[in-house]
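Undergrad: output the structure for:
(one chain, ligands or ions: 2)
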Amino acid sequence: MNITSQQSPGTRFRQRVSAQSPLQIVGTINAYCAMLAEQAGHQAIYLSGAGVANASFGLPDLGMTSLADVLEDVRRITAASQLPILVDIDTGFGGALTIARTIKSMEQAGAAAVHIEDQVQQKRCGHRPNKAIVTSEEMVDRIKAAVDARTHDDFVIMARTDALAVEGMESAIERACLCVEAGADMIFPEAMATLDDYQRFTQAVNVPVLANITEFGKTPLFSREELASVGVQLVLYPLSAFRAMSKAALNVYQQLNEKGHQRDLTIDMQTREALYQTLNYHHYEQTLDRLFLKETTTD
Ligand SMILES: C[C@](O)(C(=O)O)[C@H](CC(=O)O)C(=O)O
Ligand SMILES: [Mg+2]
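TA: Ligands and ions are numbered 1, 2, ... in the order given. Next comes the predicted model:
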């Protein structure tokens, strides 16, 4: 066992946040995407709540998926990749005891970090209108329940506030400060519009702040450098690969329908050989050969 694997996922996540400013966290909607992110040199990955709903269930991001649904995807990803993973647990899936169960289950499934938000249970995507949030007291209780439930002190509890759209900037910052007081390790201010908005958060709290750079939403596609200049320590791309994959898949389905062949499409496909390299396929095949081929040939 090497030193890396002896450290908890939370410890590795915290180290990577400290080492890179900001740490880029890429959304991986399934185990294979996690392997691809690792191959591309990324240091941290993300399981999006919207991604679980959209990709695993064909549902919108409106609080319709359960703890069990998200856990299944976390387990599949942590079995396939060593990268520390931040998991979107929406509102925690219930009251204090359910939040405690969510945290313990996420740790057991090998997650490094979670983010929990202050929207009402009947949540919406953070970049859509008509969001509603719970009181700051209730949000603080969510954070306390989460922090109290973790087994390992380094497991990261990140507080997300959706308050900007509902109550404005002052309230959002106040909520962030209350969450930090209650033990939140990191802050996720949702749907910011300017770099100055981020700066106000990084100045107000003494814990790392995450910028959610999701496409086609309320936040401009700020670069890593721009975010670094206002003190942001984590930058999230929750669904970038998923959006690209979805468009590519739709194109393949349409072209097959229209042309009756895929000859013009293979140029954009990952080859069998590249797939096998990512999966370490040949190693598995050799294991099979070593175990069984000799026996059959000597029979
Ligand atoms: C980060 C997010 O919570 C997610 O589930 O990935 C979404 C992303 C999106 O819908 O673009 C959100 O920002 O609410
Ligand atoms: Mg989400």
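Undergrad: OK, now which residue of the stretch 51-200 of the chain is nearest to ligand 1?
TA: Per Cβ to the nearest ligand atom, G126 is where the stretch 51-200 of the chain lies closest to ligand 1, at 3.1 Å. Where C-beta positions appear, they are placed from N, C-alpha and C, glycine not excepted.
Undergrad: whichever residue of the chain sits closest to ligand 2: neighbour count?
TA: As assessed by Cβ to the ion, ligand 2 sits closest to G49 within the chain, at 3.3 Å. For G49, the neighbour count with other Cβ atoms under 10 Å is 23.
Undergrad: for the residue lying closest to it once chain neighbours are set aside, give me its contacts.
TA: Ranked by Cβ to Cβ, 6 or more residues apart in numbering and with sequence neighbours excluded, the top spatial neighbour of G49 is D88, at 3.8 Å. Residues in contact with D88 (Cβ atoms under 8 Å, 6 or more residues apart in numbering) are Y46, L47, S48, G49, A50, V52, V70, V114, H115, P238.
Undergrad: buried among these? Need that as a selection in ChimeraX.
TA: Burial among these is assessed by 16 or more other Cβ atoms under 10 Å; the matching ChimeraX selection reads:
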select :46,47,48,49,50,52,70,114,115,238
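Undergrad: so which elements touch the host helix or strand of V17?
TA: Assigned by DSSP states H and E, V17 belongs to helix 9-19. Packing partners of helix 9-19 (3 or more Cβ pairs under 8 Å, 6 or more residues apart in numbering; DSSP states H and E): strand 113-117, strand 156-161.
Undergrad: format the ones you listed as CSV; extra columns: distance to ligand 1.
TA: What follows is the helices and strands packed on helix 9-19, written out as CSV (distance: least, Cβ to the nearest ligand atom, whole Å):
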stretch, distance to ligand 1
strand 113-117, 8
strand 156-161, 8
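Undergrad: ok, which of those strands comes nearest Q270?
TA: Of all those, the one in closest proximity to Q270, counting by Cβ to Cβ, is strand 113-117 (29.3 Å).
Undergrad: let's see the following helix or strand past the closest one as CSV, backbone CA atoms only.
TA: If you walk from strand 113-117 toward the C-terminus, the next helix or strand you reach (DSSP H and E) is helix 136-149. Written as CSV, here are the backbone C-alpha positions of helix 136-149 (Å, rounded to 0.1, in the frame of the first residue of the first chain):
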residue,chain,number,x,y,z
SER,A,136,-30.7,30.3,7.9
GLU,A,137,-31.4,28.5,11.2
GLU,A,138,-32.5,25.4,9.3
MET,A,139,-29.5,25.5,7.1
VAL,A,140,-27.2,25.8,10.1
ASP,A,141,-28.9,22.7,11.5
ARG,A,142,-28.2,20.9,8.3
ILE,A,143,-24.5,21.7,8.6
LYS,A,144,-24.4,20.8,12.2
ALA,A,145,-26.0,17.4,11.5
ALA,A,146,-23.6,16.8,8.7
VAL,A,147,-20.5,17.8,10.6
ASP,A,148,-21.5,15.7,13.6
ALA,A,149,-22.1,12.7,11.5
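Undergrad: quick one: mean pLDDT for the lengthiest helix in the chain?
TA: In terms of residue count, the longest helix belonging to the chain (DSSP state H) is helix 240-259. Helix 240-259 shows a mean pLDDT of 98.
Undergrad: could you chop the chain up by domain?
TA: Structural domains assigned to the chain are 9-241, 246-290, following the TED database.
Undergrad: end-to-end on the shortest one?
TA: Pointing back at domain 246-290 there. 39 Å (Cα to Cα, to the nearest Å).
Undergrad: hmm, back to that, need the helices and strands packed on helix 9-19 in TSV (columns: mean pLDDT).
TA: Compiled in TSV, the helices and strands packed on helix 9-19 are given as follows (pLDDT from 0 to 100):
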stretch	mean pLDDT
strand 113-117	98
strand 156-161	98
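Undergrad: make a markdown table from these and add distance to ligand 2 to it.
TA: As requested, the helices and strands packed on helix 9-19 are exported to a markdown table (distance: least, Cβ to the ion, whole Å):
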| stretch | distance to ligand 2 |
| --- | --- |
| strand 113-117 | 8 |
| strand 156-161 | 8 |
